[in-house]
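Okay, here's the prediction I keep looking at, along with the sequence it came from:
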Amino acid sequence: MDNPLFLDYNVNMQRDEMADNLELECLFSPTHSCSIVSIAQEMGIADENEEDVDEINNNALSESLGIIDLRSSWCAGNYPFFANANTIQFQTSNGDISSVYTFLLLATREKMNTQRIADGIDGTLLFERLSACILKNYFGEDSHVSVFGTGSGLSESFKDKLKRLLSDIGEKGYSLREDAIEPTQKDGGIDLYAFIPFKDGKKGQFIGFGQCKTGTSWSSVLGMMCPETFDLYLIPRFIFTPISIYMLSDTIPSQKWDKLSIQSKGFIFDRCRLMNWLPKQIDNGIMEEIKRWNEAVIARYK
């Protein structure tokens, strides 16, 4: 398989990776579908003359098909693939749902350290903006979520970002410890901040700091974000210590979920959780960039 987004099928392949491969097969297929028999032949578990899917008995393939069924449930109806006994189908009629899931899938499997730019759009920064929309939908219409990092599109110093954060939060009585702010600092390790405000301006609101990760090399960063670090820059410190939130374009295998959740010291949105809380209406500018980025990435490999 010469498309670098794909992994070589084998019986020892991680089941969630195989499920991603199956989704990619459908996405890149002219018919937006793939045959389960053909996949079995590619894996070497069915011969060229095999036509009956019921005769194919392989745990690796059947478990991956089961994951696709689970994703349909976990995404709460916002999943653009459908599997039956013989084929897997990518449903293009789902509009924005199909586009957003495609973006998350490609942002996982593309080499985002070197290939994140497509049609002039930085996929990692676009993921920050999409994550902010989803996080606001999760916390509710009265919440406030902003991009703190580069994805904000604002040309700000770290000090200016801190001033904006304090102004947005609206808690009275804070000042910046400017001697603790290094000129080279960019975002203090956070990409998003979220809070649910009270009208009284008193300290002690709910605050969350988010970090957004595309690609597959994210597990080592879980738990590394330290919201308490911001106490270095504020006088006095936050009364409510912000929680850590990790937004991942990737999926997490069920058997690893508990361990990684504990490691995160906060909570995680993986691809299915992001789709679960996808707003019914996404900013037109974000959706337009998602579609353009998707088309440009797909065009690279066709």
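Okay, I see it.

can we go C-alpha only for contacts and neighbour counts from here?
OK.

The helix or strand bottoming out on mean pLDDT in the chain: what's the following helix or strand?
Ranked by mean pLDDT, DSSP states H and E, the weakest helix or strand in the chain is helix 36-43, scoring a mean of 76. Next helix or strand after helix 36-43 toward the C-terminus (DSSP states H and E): helix 59-74.

and the next helix or strand after that following helix, what other elements does it pack with?
On the C-terminal side of helix 59-74, the nearest following helix or strand under DSSP H and E is strand 81-83. Contacts defined by 3 or more C-alpha pairs under 8 Å, 6 or more residues apart in numbering; DSSP states H and E place strand 81-83 against helix 59-74, strand 87-90.

ok, and what's touching the last one?
If I follow you right, that is strand 87-90. Outside of strand 87-90, the residues that reach it under the criterion C-alpha atoms under 8 Å, 6 or more residues apart in numbering are 22-23, 26-27, 32-36, 80-83.

What does the pLDDT read for Asn58?
Model confidence at Asn58, given as pLDDT, is 58.

Which residue ranges make up the domains of the chain?
For the chain, the structural domains run 15-94, 123-279, going by automatic domain parsing.

Let me have those in JSON lines, extended by distance to Lys111.
JSON lines is the format used below for those (distance: least, C-alpha to C-alpha, whole Å):
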{"stretch": "domain 15-94", "distance to Lys111": "15"}
{"stretch": "domain 123-279", "distance to Lys111": "7"}
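
With respect to those, which exhibits the lowest mean confidence?
Mean pLDDT is lowest for domain 15-94 out of the domains of the chain, coming in at a mean of 81.

Could you give the separation of that one from the chain centroid?
For domain 15-94, the gap between its own C-alpha mean and the chain's C-alpha mean amounts to 22 Å (C-alpha atoms, centre = their mean, to the nearest Å).

any chance of the helices and strands packed on strand 81-83 in TSV, with mean neighbour count and distance to Asp16 too?
Conversion of the helices and strands packed on strand 81-83 to TSV gives the following (neighbours: other C-alpha atoms under 10 Å; distance: least, C-alpha to C-alpha, whole Å):
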stretch	mean neighbour count	distance to Asp16
helix 59-74	18	7
strand 87-90	21	15
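
Need those in a markdown table (columns: distance to Gln263).
Rendered in a markdown table, the data for those read as follows (distance: least, C-alpha to C-alpha, whole Å):
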| stretch | distance to Gln263 |
| --- | --- |
| helix 59-74 | 22 |
| strand 87-90 | 34 |
